[in-house]
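What follows is a protein structure lacking sequence information:
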Ligand SMILES: NC(=O)C1=CN([C@@H]2O[C@H](COP(=O)(O)OP(=O)(O)OC[C@H]3O[C@@H](n4cnc5c(N)ncnc54)[C@H](O)[C@@H]3O)[C@@H](O)[C@H]2O)C=CC1
Ligand SMILES: O=C(O)C(=O)Cc1ccc(O)cc1
């Protein structure tokens, strides 16, 4: 087998994403040694039982010491604490990365805490499910999914290429963009859809008893799809909305305007407007399917565990 891309890989956080990286890195021989870190000893024990790494610790600094690549897979609100904890022990020339769903504020915070001589290359795999914890991960999660890298302008091109090769080795297709552009795109494609799901399921839950039980009993597939999304981890999504505030509010403004236009069409009985709108959106769905991006449907049988 070819030489692994990285000698020692330290995974800070071993939930859905960290454990999927562990499984895929192991399966594809991308790291010489995998160090697994998580806060709680019970989760660490579970990671050990699952055989996710070679070395296990609850101490972030111990995990990062001597590592060639450190990946933080924690809620975005905890990224700065990770950078702070590992900064003093990072070896010169090491690469530090993350998988956070928000980039601008997180990248700025982490970059300011990391020492000179360390390569910081932020990443975001656009792949996941509503489940959490080390049992939820699987090696195929990233296959044919995008992974967006948002390196700073002065990043070392060789370090960026190496991390890109790592994600390709995990099965992903890699694209690079600025953190600001990433946050605007993800606000509309991922963050607002989650907000809509949280909202509609909340609205249904707040209905009077008789109506609520009918909603659950007759829940058609549209509502059921929303309940899947609305079952996503509350800490992770709280942090996403707190950290991508500006982009989400900008896109939410546009969304609300368009919703008002649809509301008006319904009130006025304007079928042409509704038909034209629904035809346009149907084409967008067909475009996504043709591009092969509608793969890797989540497995509804997976067990949900705490990370
Ligand atoms: N779940 C998903 O579908 C996707 C998540 N992401 C991003 O990946 C990151 C991790 O998400 P998951 O793996 O889904 O989460 P998870 O809940 O499955 O795992 C989180 C891990 O972070 C650790 N952690 C939690 N709070 C912490 C804190 N305050 N300090 C230190 N460690 C802490 C937990 O112990 C656990 O090991 C998040 O930043 C999320 O935005 C990115 C793509 C998809
Ligand atoms: O489960 C789903 O449908 C998702 O949308 C998963 C997901 C969640 C967060 C991300 O940053 C990327 C992907």
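Now that the structure is in, tell me what you want to look at. Predicted, not measured: the structure shown is a model, and the values here were computed from it. Residues are numbered from 1 along each chain as shown. Ligands and ions are numbered 1, 2, ... in the order given.

Which residue lies nearest the spatial centre of this protein?
In the chain, the C-alpha nearest the mean C-alpha coordinate belongs to residue 101, at 4.6 Å (C-alpha atoms, centre = their mean).

Go ahead and list the helix or strand containing that residue.
Here residue 101, judged by DSSP states H and E, is contained in no helix and no strand.

neighbours of residue 267, just the number please.
For residue 267, the neighbour count with other C-beta atoms under 10 Å is 8. Quick note: C-beta positions are derived from backbone N, CA and C, even for glycine.

Establish whether the helix or strand encompassing it and ligand 1 are in contact.
Element membership for residue 267 (DSSP H and E) is helix 245-268. No. Using C-beta under 6 Å from any ligand atom, no contact is recorded between helix 245-268 and ligand 1, whose separation bottoms out at 13.8 Å.

what's in contact with the helix or strand following that helix?
Per DSSP H and E, the first helix or strand lying C-terminal to helix 245-268 is helix 271-290. Residues from elsewhere that reach helix 271-290 (C-beta atoms under 8 Å, 6 or more residues apart in numbering): 261-262, 265-266, 294.

Buried ones among those?
Buried members of the contacts of helix 271-290, counted by 16 or more other C-beta atoms under 10 Å: residue 265.

of the contacts of helix 271-290, closest to ligand 1?
Nearest to ligand 1 among the contacts of helix 271-290 is residue 294, at 16.3 Å by C-beta to the nearest ligand atom.

what's the pLDDT at the closest one?
If you check residue 294, the pLDDT there is 60.

pLDDT of the helix holding residue 267, averaged?
Averaged across helix 245-268, the pLDDT comes to 97.

so residue 53 sits in a strand?
No. Looking at residue 53 with DSSP: H, G, I helix; E, B strand; the rest coil, it is coil, so not inside a strand.

Count the residues that sit near the closest residue to it other than its chain neighbours.
Nearest non-adjacent residue to residue 53, counting by C-beta to C-beta, 6 or more residues apart in numbering: residue 36, 3.6 Å away. As a burial measure, residue 36 scores 27 neighbours (other C-beta under 10 Å).

how much space between residue 36 and residue 57?
8 Å (C-beta to C-beta, to the nearest Å).

Same question for residue 172.
From residue 172 across to residue 57, the span is 27 Å (C-beta to C-beta).

Compare those two and say which one has the larger neighbour count.
For residue 172 versus residue 57, neighbours defined as other C-beta under 10 Å are more numerous around residue 172 (23 against 17).

contacting residues for residue 219?
Residues counted as contacts of residue 219 (C-beta under 8 Å, 6+ apart) are residue 227.

Residues of the stretch 101-250 of the chain that sit close to ligand 1?
101, 125, 128-129, 132-133, 233, 236, 240.

Within reach of ligand 2, which of those are there?
Among those, the residues within reach of ligand 2 (C-beta under 6 Å from any ligand atom) are 101, 128-129.

didn't residue 131 look like it was pressed against residue 17?
No. With contact defined as C-beta atoms under 8 Å, residue 131 does not count as touching residue 17 (10.9 Å).

Residue 74 contacts residue 13, correct?
Yes. Counting by C-beta under 8 Å, residue 74 touches residue 13, with 4.0 Å between them.

Give me the common contacts of the two.
With C-beta under 8 Å, 6+ apart, residue 74 and residue 13 have common neighbours residue 82.

neighbouring contacts of stretch 160-170?
Under C-beta under 8 Å, 6+ apart, the answer for stretch 160-170 is 5-6, 21, 24-25, 28, 30, 69, 95, 97, 119, 121, 123, 125, 142, 147, 149, 151, 174, 176.
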